[in-house]
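# Structure, please.
(one chain, ligands or ions: 2)
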Amino acid sequence: MQRDPERGGLRLTDCPAGSGALFEVWRGRRSAHDRCAFFPVPNPALPPSRRLPDGGAVNPSEQLCLACGLCCDGTLFDLVKLEGGDDATKLKALGLPVKVSRGKAPIARFPQPCSALCEDRTCRLYTDRPWQCRVFECGILKDAKAGRMTFAAALQLVKKARRRADKVRRLLRELGDTEEHRALGERFHRMSDRLEFGNADADANAKFADLSLVVHHLKLQALNKFYTKTEAPAPAPARRAD
Ligand code: SF4
Ligand code: SF4
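Numbers count the residues shown, from 1 in each chain. Ligands and ions are numbered 1, 2, ... in the order given. Below is the predicted model of the structure:
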């Protein structure tokens, strides 16, 4: 799935999201909080539990996104397209693995899980983040901000989705997929191809059935709660060409 407004995909938000902990561990490096410029203004009046490591204040929307990260960690999307105002060269220099497709209308994009995620689910490139990262808000965040849902209820939905995504990752690992740098949708499709045309044993088949069910519930939740009605994604998840 991709965030692609022209093709009915979604846009990123200016949230600081992402399952940075997993991603950073996969690559064997830790995030540097001093490079996470998400909340640059310290507010010493707030209690410690309401501040980020750099001292910045956290509002309810930001708290929700910091507990979530699903729109940056490869759960909801598998890539982010750059737009006209984005400086692909600069973003590459900052560490985003931007690739440009060949053809008459080249498309610049970078894959998820995003390499800019920090352990605390802030965005390492916050001040330089791409346009789509600045404008996307998922349905849950929009509903909470508009008062159609409490932030507490939104947090419960986020936690539920994260539990499902974690279970998908665990089952994929148990089935032999350790490609944690790929988006969940892509990993699931690759596993489907492998098991549906291979000679899987009974245990693998049982795990794959379990995996398929969790993916189904996660997709339903994403469609009903995270993807916004006006920006519904294309019916089939996009799959990376490379
Ligand atoms: S709450 Fe929505 S906008 Fe915020 S990190 Fe999660 S998916 Fe992204
Ligand atoms: S640059 Fe990466 S971590 Fe930052 S908001 Fe965009 S997708 Fe999320």
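# Could you check how far stretch 115-128 is from the centre of its chain?
Between the centre of stretch 115-128 and the centre of its chain there are 12 Å (C-alpha atoms, centre = their mean, to the nearest Å).
# Using PDB, write out every CA atom in that stretch.
This file holds the C-alpha atoms of stretch 115-128, laid out as PDB (Å, rounded to 0.1, in the frame of the first residue of the first chain):
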ATOM      1  CA  SER A 115      14.800   4.800   8.100                       C
ATOM      2  CA  ALA A 116      14.100   8.100   9.800                       C
ATOM      3  CA  LEU A 117      12.200   6.600  12.700                       C
ATOM      4  CA  CYS A 118      13.700   6.900  16.200                       C
ATOM      5  CA  GLU A 119      13.300   4.400  19.100                       C
ATOM      6  CA  ASP A 120      10.800   6.800  20.800                       C
ATOM      7  CA  ARG A 121       8.800   6.900  17.500                       C
ATOM      8  CA  THR A 122       9.800  10.500  16.800                       C
ATOM      9  CA  CYS A 123      11.000  11.400  13.300                       C
ATOM     10  CA  ARG A 124      14.700  12.100  12.900                       C
ATOM     11  CA  LEU A 125      14.000  14.200   9.900                       C
ATOM     12  CA  TYR A 126      11.100  16.100  11.400                       C
ATOM     13  CA  THR A 127      12.100  19.600  10.200                       C
ATOM     14  CA  ASP A 128      13.000  18.300   6.800                       C
END
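# Do a quick rundown of the strands in the protein.
With strands called from DSSP state E, the chain shows them at 2-3, 79-81, 99-100, 108-111.
# Compute the first-to-last residue distance for stretch 171-189.
For stretch 171-189, the first and last residues are 14 Å from each other (C-alpha to C-alpha, to the nearest Å).
# can you tell me if that stretch touches ligand 2.
No. Stretch 171-189 lies apart from ligand 2 when judged by C-beta under 6 Å from any ligand atom; the minimum separation is 11.7 Å. The C-beta positions use only the backbone N, C-alpha and C, and glycine is treated the same way.
# Does ligand 1 have contacts with that stretch?
No. Using C-beta under 6 Å from any ligand atom, stretch 171-189 stays clear of ligand 1, coming no nearer than 13.5 Å.
# can I get the strands of the chain in CSV with mean pLDDT and mean neighbour count?
Listed next are those as CSV, based on pLDDT from 0 to 100; neighbours: other C-beta atoms under 10 Å:
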stretch, mean pLDDT, mean neighbour count
strand 2-3, 46, 26
strand 79-81, 94, 24
strand 99-100, 93, 14
strand 108-111, 95, 21
